[in-house]
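Q: Pasted the sequence and its predicted model underneath.
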Amino acid sequence: MIDFLRGLMAHLENEYIVLDVQGVGYRVFCPNPFVFAKTEGPVTVYTHHHVREDAMLLFGFSTREEQRLFRKLIDVSGIGPKVALGILAGGTPDQLVTAIYQENIAFLTKMPGIGKKTAQRMVLDLKDKLDGFGTTSLATGLFAVPEPQDGDGSAWSEAREGLKALGYTDAELDRVWLKIKDDTAFGDSVDVLVKRALKLLYAG
């Protein structure tokens with residue numbers, strides 16, 4: 001079992017990174033590969049080593065919390081690694097855990113690959129198995145799914161800074177925001193906005 005890797009970014013794609021660890025390139029599928037582009041020098045990627053009959057795959061995360069939640073998700077019947085990765089790309093761990101605790105089926109079905117029955121199964125299977133996630137918010141009664149954020153909110157502001165770090169100009173980002181702002185949905189995370197913007201930027 002490979003629990004984490006530490007090395008240099010060698011390559012970056014929409015769905016994965018290639019991490020150079022002492023001369024060996026590991027392809028690691030991530031919810032948002034671009035989060036690692038912000039780091040200069042060696043990066044640490046927390047991984048899940050998934051073995052099946054026809055392949056051995058590595059899934060990587062920027063935090064232990066994402067790694068733990070991924071492993072909880074793939075324990076749910078009907079949710080495989082690729083679907084779990086898409087869920088984490090669609091919302092932060094706090095948002096997802098909040099929605100599960102609150103049985104917020106409407107929020108969960110906004111995740112890619114999740115229908116109503118799978119969302120209900122997530123709640124049933126995970127609601128009592130998420131100890132250690134969001135405990136402070138639960139204790140203070142502030143456990144709530146965030147409101148959607150517009151172009152002046154912190155989500156787009158943070159996404160914009162990440163995109164600028166990749167070399168995109170203010171003019172390019174302004175044009176992209178005009179195209180995606182009307183599609184910004186309830187609870188969209190920084191990762192979701194970055195991915196949506198990058199698809200348009202790559203398309204020219």
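A: Yep, it's here.
Q: the bottom helix or strand of this protein by mean pLDDT?
A: Across the helices and strands of the chain, mean confidence by mean pLDDT, DSSP states H and E is lowest for helix 135-140: a mean of 41.
Q: Next, the distance between the ends of stretch 24-42.
A: One end of stretch 24-42 to the other measures 14 Å (Cα to Cα, to the nearest Å).
Q: Pull the distance from the helix of greatest length in the chain to the chain's centre.
A: In the chain, assigned by DSSP state H, the helix with the most residues is helix 190-203. From the chain centre to the centre of helix 190-203 is a distance of 13 Å (Cα atoms, centre = their mean, to the nearest Å).
Q: How about residues contacting it?
A: By Cβ atoms under 8 Å, 6 or more residues apart in numbering, the residues outside helix 190-203 that reach it are 14, 31-32, 34-35, 89-92, 155-156, 158-159, 162-163, 168, 172-173, 176-177, 179-180, 183-184. To be clear about C-beta, it is placed using only N, CA and C from the backbone, and glycine gets the same treatment.
Q: How about the secondary structure of the residue positioned nearest the centre of the chain?
A: Geometric centre of the chain, nearest residue: residue 89, 2.9 Å, by Cα atoms, centre = their mean. Three-state assignment for residue 89 (DSSP: H, G, I helix; E, B strand; the rest coil): helix.
Q: Kindly provide the distance from it to residue 174.
A: When Cβ to Cβ, to the nearest Å is the yardstick, residue 89 and residue 174 sit 24 Å from each other.
Q: Before I go, just wanted to say thanks for your time.
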